[in-house]
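[1] All I have is the shape, not the residue letters:
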């Protein structure tokens, strides 16, 4: 009897992520998946990026949270279309949640779509959403040992923003130790130390993002 | 045909947690499960509590992390027995991981066992370990909206420590808004604003813990 071997079967999530990605490419929408621990500053970085780019590009946002519409409300206050996904307890977004939310996003009128994942440094790592770039936000008060303790997410992201550098004078944060940990896991990551509060370093990130989008377009 | 109904079947995790708990009670070991987002200060609060109680009670620690032995090393530097569990990617501790680690803990020579969970504000909530108390550490730089966005953990814990109050002057943290969110979810929680860095508020927590242990003994 001959055994049938089926190779390269995609998981259900990977399959739907691929379909999301095809749709994004067809519509010319550049999509970012923002991931971080709770309170690192995902919404704040999205707000800052919107402020810098809203007159150059059309932006939409999908916000993922276990509960509440706090984040989507913050984005909507900027006059930017925002859709809130409440996962109802689930610890990450998946491609199908994003697909469902897309019915409420005007892709034809969007150049940049920011997807804000659930605040969690572990679980979102394994779930592609169809995004072009994975963006991680770490923050200085979380400590300099995070790359060593949570290597999974640090390994897979395209961009690492280190937020809240304005607090550095008050913290015992060894930048060298942090950078060495990141370097060992992900030498090619684009690294942006910044402060969403003071605005320091945000321009560098924004210009990099514009260039990354152009390359893909 | 009569249908057999089996009621109150415990999940595998609940069953093992119950067995852990029976063992803890038999040995007179009071067990705390420390949960928090990454970098909120779980290890720091454990260190401070050890410093305050090490001459009154015999303490052991089980540290859970996705990777590394950074936390167990910190505890061992204090001369306290520490066992590190590496979950290898898993986003929470479960009762069986703790049971396995117990083979390396001298329960007969332990009055207080601190179990430090993986840094995650969502997934550990659903997994009892056999502990007597669930302790959550929030931290001020995470923001004042966390009870609203992560209601699950805030609802089930016995103790809530709000760490890094020394940073409050630099943050836009509305204490009233935070407290109202906690109150709505968990009016009976024991609340301790404190700073592991300066030591402020740590005594109140430590004395409460000693009293809680006495009540159960």
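    Here it is on my side, so go on. These figures come from a predicted structure and were not determined experimentally.

[2] residues from chain A in reach of chain B?
    Residues of chain A lying near chain B by Cβ under 8 Å from any Cβ of the partner chain: A:37-39, A:65-68, A:70-71, A:89, A:91, A:118-123, A:139, A:141-143, A:145-146, A:148-152, A:164, A:166-167, A:170. Glycine gets a C-beta too; all of them are placed from N, C-alpha and C.

[3] Phi and psi next, for residue A:30.
    phi -90, psi 120 (degrees, to the nearest 10).

[4] buried subset of the residues of chain A next to chain B?
    A:37-39, A:65-66, A:68, A:70-71, A:91, A:118-123, A:139, A:141-143, A:145-146, A:148-152, A:164, A:166-167 (16 or more other Cβ atoms under 10 Å in any protein chain shown).

[5] In helices, which of those residues appear?
    Using DSSP state H, A:70, A:71, A:146, A:148, A:149, A:151, A:152 are the members of those that sit in helices.

[6] Including distance to residue B:97 and pLDDT, could those go into TSV?
    Shown next, in TSV, are these (distance: Cβ to Cβ, whole Å; pLDDT from 0 to 100):
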residue	distance to residue B:97	pLDDT
A:70	33	95
A:71	33	95
A:146	22	98
A:148	20	97
A:149	16	96
A:151	19	97
A:152	18	96
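
[7] Can you tell me which of the residues you listed comes closest to residue A:191?
    Among these, residue A:146 lies closest to residue A:191 (Cβ to Cβ), at 13.7 Å.

[8] Tell me if I'm right that the closest one and residue B:40 touch.
    No. Between residue A:146 and residue B:40 there is no contact under Cβ atoms under 8 Å: 11.9 Å.

[9] Flag the shaky bits of chain A, pLDDT-wise.
    By pLDDT under 70, the low-scoring segments of chain A are A:1, A:5-9, A:217.

[10] Tell me which residue is most central in it.
    residue A:34 (1.3 Å; Cα atoms, centre = their mean).

[11] returning to what we had before: tell me which two of the ones in helices among the buried ones among the residues of chain A next to chain B sit farthest apart.
    Using Cβ to Cβ for every pair in these, the one that comes out farthest apart is A:70 and A:148, at 31.2 Å.

[12] Chain A: strands as residue ranges?
    Along chain A, the segments classed as strands by DSSP state E run A:30-36, A:59-65, A:82-86, A:112-116, A:133-139, A:159-163, A:190-193.

[13] Quick check: which helices or strands does the fourth one pack against?
    Okay, so that is strand A:112-116. On a contact count with 3 or more Cβ pairs under 8 Å, 6 or more residues apart in numbering or on different chains; DSSP states H and E, strand A:112-116 meets strand A:30-36, helix A:42-53, strand A:59-65.

[14] buried stuff in the longest one?
    Put plainly, it is helix A:42-53. By neighbour count on 16+ other Cβ under 10 Å, the buried set for helix A:42-53 is A:42, A:43, A:44, A:45, A:46, A:47, A:48, A:49, A:50, A:52, A:53.

[15] can the helices and strands packed on strand A:112-116 go into a markdown table with extra columns for distance to residue A:189?
    Formatted as a markdown table, the helices and strands packed on strand A:112-116 follow (distance: least, Cβ to Cβ, whole Å):
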| stretch | distance to residue A:189 |
| --- | --- |
| strand A:30-36 | 13 |
| helix A:42-53 | 16 |
| strand A:59-65 | 22 |
